[in-house]
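> sequence and predicted structure below; questions after.
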Amino acid sequence: MKTPSWSCDRLFKPTAPFCSFYPHPQPAMDGKFLPPTSPFTTYPATRRAYYAKTLAAGALVGAAMVLTFKHSSLAGAPRGQPTNTWGSSELRDWIAHEATFSERKIFEHLGPTVGAGEGLVVASPSTSHPDYFYTWTRDSALVTASIMDRLAAGENELEATLRLYSYSQAKLQNTCNKSGCPADGGLGEPKFNVDGTPFDGSWGRPQRDGPALRAITLIRFANYLLDRGTSPDRDFVSRFLYNQDTSSGRFIIKNDLEYTSHMCFDTSYDLWEEKQDLHFFTLVACRKALSSGATLAHRLGDSGAAAWYKQQFNVMTSRILNSNMFFFPDGSYRAYANPQKLERRGVDSAVLLAILAAGEAGDPNFGPTAPAVLASVKVYVDAFRGMYTIANSSEQSFGVAPVPTGRYPEDKWDGYETGSGTLGNPWYLCTVAVPHASLIDWALVEFALAGNITVTDVSLPFFQQFASVKSGDVLVKGSADFNSMVSGMRAWSDGFYKIIQHFQGPSGVLYEQFNRRASAFSSRLWEILIVLRSEGILASHRVHQTSRGRLLHLPMLLVPVISWRHPCPDFAWNRDLRLSILLKHDSR
């Protein structure tokens, strides 16, 4: 089916689900408008760069996914939380440097800066060998989630970024593609061209985690606006993000929740875009979206939908936990329902990334301190012991050596191709997920807040790496046993960060992967996002990628340049709100 072409004056009207901004005049630095035929591509590069830094005069929001990852440790503590002091000064300095470098870069990969549609997140500027010049729903949601974190922490100037992201996703939602149209599966399309048109090539489709991750991010934004409670904020939510009316197809969160509640039980391609099955990552993301969606629906008076989403949440939770599909005999999680069919064992970094993307503190099954999660970390790391030659140089801590890790042990993707003679490499994303998922940035904080560490049959092998304990032991905060356990876990976590530090690229660049045999990079592919937030529970060493090809970071210094009105004048909110174009200052 041909993709419809929407016009701006039809936005927020029942006759059409979305407004395409690109054919309409765009504001320029001198107060005039850009030509209506070109979305920034023919305008002078300097002015495109200035205009790309458009942020709201009040606050901002996120996607990918993409995962809201919790905060990491090593750099500071949030207000009201105890300061964590582990990690050497050198390591803390490196993490701070990496945070600054990463944060400066994120807006360079947001449209229109890289020649993409406004509000779209571009995976990579690379257009050949490999071609990653696309926008992925998953990655966009996770990246935007990190921006939402900063907005929620008080960086109000970022609100416009979330609004622009919302606009861009509304367009994609209503673009027919090879997965279908909005009402018949099109939301499961994994990626689009950077101008927002459908990608028509062969690909692993559908990927059902994308809509769920996008919903998780935008639900947070909706609640942020509702908490503020102004009339324009409530209007934006009810007219654009969530409404009981499903006939127009224009409400982004509602569309994603309906898709998730009906489609997530079906098979899907995994986050690596390689195998079709029921995947732990996808189901955990869907579960989180339905839980958050039920709460939002109830808040907005959509009681029928709230009950439906809650019901599907319960069914999905039961499907994961009350079957043998996603568990190994030792109680750790398995990444796929049918690993034998996929010619894999089922050990995969996707399990850790799922917890980062959609786990919750205090959840006994999907939280950072859950016994099954801790067991999964050990099983995953052990699967890579002895696999890579470079691992022999890893620093040993408390009897257990941190090692570089990859996507999964059977991986054949070498950065360029997959074949009988190729072998996978360690990935930065996967290696940093180990401490990020279960140790410094989340689990240790949860243990400290709980005041104890409880050892179970399932978590026993994990804890025995760091201290002599037995099942049933309860280590009370402040005791010698508690302190010994925490010290061992901290040192182990530091070791994984040091691996990343040792094999980083020039100036702190993190490529997709590094060579399994030597300290060289396999290819300049997926440069992953690591955003470390100084006001996080520990700093936010946050990784936002879960499929190939992403370099995304957030800038540090921005100054106002000129005010601007949105090009859709018929939307009441845009008539009143003035945005500021912000010019990024390079702090290097």
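Good, I have the coordinates.
> ok, residue 355 to residue 361 distance?
Here the criterion is CB to CB, to the nearest Å. By it, residue 355 lies 11 Å from residue 361. Quick note: C-beta positions are derived from backbone N, CA and C, even for glycine.
> how far off centre is the helix or strand harbouring residue 357?
Per DSSP states H and E, residue 357 falls inside helix 350-358. Remark: helix 350-358 is offset 10 Å from the chain centroid, using CA atoms, centre = their mean, to the nearest Å.
> begin at 20 from here
That works, and once the first residue is 20, the last one we named lands at helix 369-377.
> and the next helix or strand past that helix?
helix 390-401.
> what lies in contact with that next one?
Applying CB atoms under 8 Å, 6 or more residues apart in numbering, the contact partners of helix 390-401 are 346-347, 349-352, 366-368, 370-371, 374, 378, 384-386, 421-422, 424, 453, 456-457, 462, 475-478, 480-482, 484.
> now which of the residues you listed would you call buried?
Neighbour counting by 16 or more other CB atoms under 10 Å classes 346-347, 350-352, 366-368, 370-371, 374, 378, 384-386, 421-422, 424, 453, 456-457, 462, 475, 477-478, 480-482, 484 among the contacts of helix 390-401 as buried.
> what do residue 374 and residue 380 both touch?
In contact with both residue 374 and residue 380: 386-387, using CB under 8 Å, 6+ apart.
> which segments of the chain make up each domain?
44-72+577-607, 73-573 (automatic domain parsing).
> name whatever forms a beta bridge with residue 473.
With DSSP bridges applied, residue 473 shows beta-bridge pairing to residue 493.
> residue 389 versus that one, what's the distance?
Taking CB to CB, one finds residue 473 at 11 Å from residue 389.
> more neighbours, those two?
Taking other CB atoms under 10 Å, residue 473 and residue 389 do not tie; residue 389 has more neighbours (24 against 15).
> packing partners for the helix ranked longest in the chain?
If each helix of the chain is counted by residues according to DSSP state H, the longest one is helix 499-521. In terms of contacts (3 or more CB pairs under 8 Å, 6 or more residues apart in numbering; DSSP states H and E), helix 499-521 is packed against helix 108-124, helix 447-457, helix 462-469, strand 471-473, strand 493-495.
> what's the angle from the third one to helix 369-377?
Okay, so that is helix 462-469. Comparing the axes of helix 462-469 and helix 369-377 via axes from the mean of the first three to the mean of the last three CA atoms, to 10 degrees yields an angle of 60 degrees.
> also the second one?
Per the same axes, to 10 degrees, the angle that helix 447-457 makes with helix 369-377 is 60 degrees.
> so how far is helix 447-457 off the chain centroid?
On CA atoms, centre = their mean, the centre of helix 447-457 falls 13 Å from the chain's centre.
> just the C-alphas of that helix, formatted as CSV.
Provided in CSV are the C-alpha atoms of helix 447-457 (Å, rounded to 0.1, in the frame of the first residue of the first chain):
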residue,chain,number,x,y,z
TYR,A,447,31.6,-2.9,24.5
LEU,A,448,27.9,-2.8,25.0
CYS,A,449,27.8,-6.4,26.3
THR,A,450,30.9,-6.0,28.5
VAL,A,451,29.7,-2.9,30.2
ALA,A,452,26.2,-4.4,30.7
VAL,A,453,27.7,-6.8,33.3
PRO,A,454,28.6,-4.2,36.0
HIS,A,455,25.9,-1.9,34.7
ALA,A,456,23.1,-4.5,35.0
SER,A,457,23.6,-6.1,38.3
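> which other helices and strands does that helix contact?
By 3+ CB pairs under 8 Å, 6+ apart, helix 447-457 packs against helix 369-377, helix 390-401, helix 499-521, strand 561-562.
> columns mean pLDDT and distance to residue 201 on top of these, output as CSV?
As requested, the helices and strands packed on helix 447-457 are exported to CSV (pLDDT from 0 to 100; distance: least, CB to CB, whole Å):
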stretch, mean pLDDT, distance to residue 201
helix 369-377, 94, 24
helix 390-401, 96, 35
helix 499-521, 90, 40
strand 561-562, 32, 31
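> distance to residue 408 added to the ones you listed, as CSV?
Formatted as CSV, the helices and strands packed on helix 447-457 follow (distance: least, CB to CB, whole Å):
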stretch, distance to residue 408
helix 369-377, 24
helix 390-401, 17
helix 499-521, 14
strand 561-562, 25
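> which of those sits closest to residue 187?
helix 369-377 (20.5 Å; CB to CB).
> just want the angle from that closest one to helix 390-401.
With the same axes, to 10 degrees as the basis, helix 369-377 and helix 390-401 are set at 130 degrees to each other.
> in the chain, which helix or strand is least confident?
The helix or strand of the chain with the poorest confidence is strand 73-75; it has a mean of 19 (mean pLDDT, DSSP states H and E).
> circling back to that earlier point, report the buried residues of the longest helix of the chain.
Buried, per 16+ other CB under 10 Å, within helix 499-521: 501, 503-505, 507-520.
> for residue 348, pull up the helix or strand it's in.
Counting by DSSP H and E, residue 348 is part of no helix or strand.
> try residue 237
helix 228-247.
> same for that helix, what does it pack against?
helix 156-171, helix 178-192, helix 250-255, helix 271-282, helix 299-318, helix 369-377.
> okay if I get the ones you listed as a markdown table plus distance to residue 326?
Formatted as a markdown table, those follow (distance: least, CB to CB, whole Å):
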| stretch | distance to residue 326 |
| --- | --- |
| helix 156-171 | 26 |
| helix 178-192 | 24 |
| helix 250-255 | 23 |
| helix 271-282 | 11 |
| helix 299-318 | 8 |
| helix 369-377 | 21 |
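> who's sitting farthest from the centroid in this structure?
residue 499 (37.3 Å; CA atoms, centre = their mean).
> rewinding a little: what's the most buried one of the helices and strands packed on helix 499-521?
A comparison of the helices and strands packed on helix 499-521 by mean neighbour count, using mean count of other CB atoms under 10 Å, puts helix 447-457 on top with a mean of 27.
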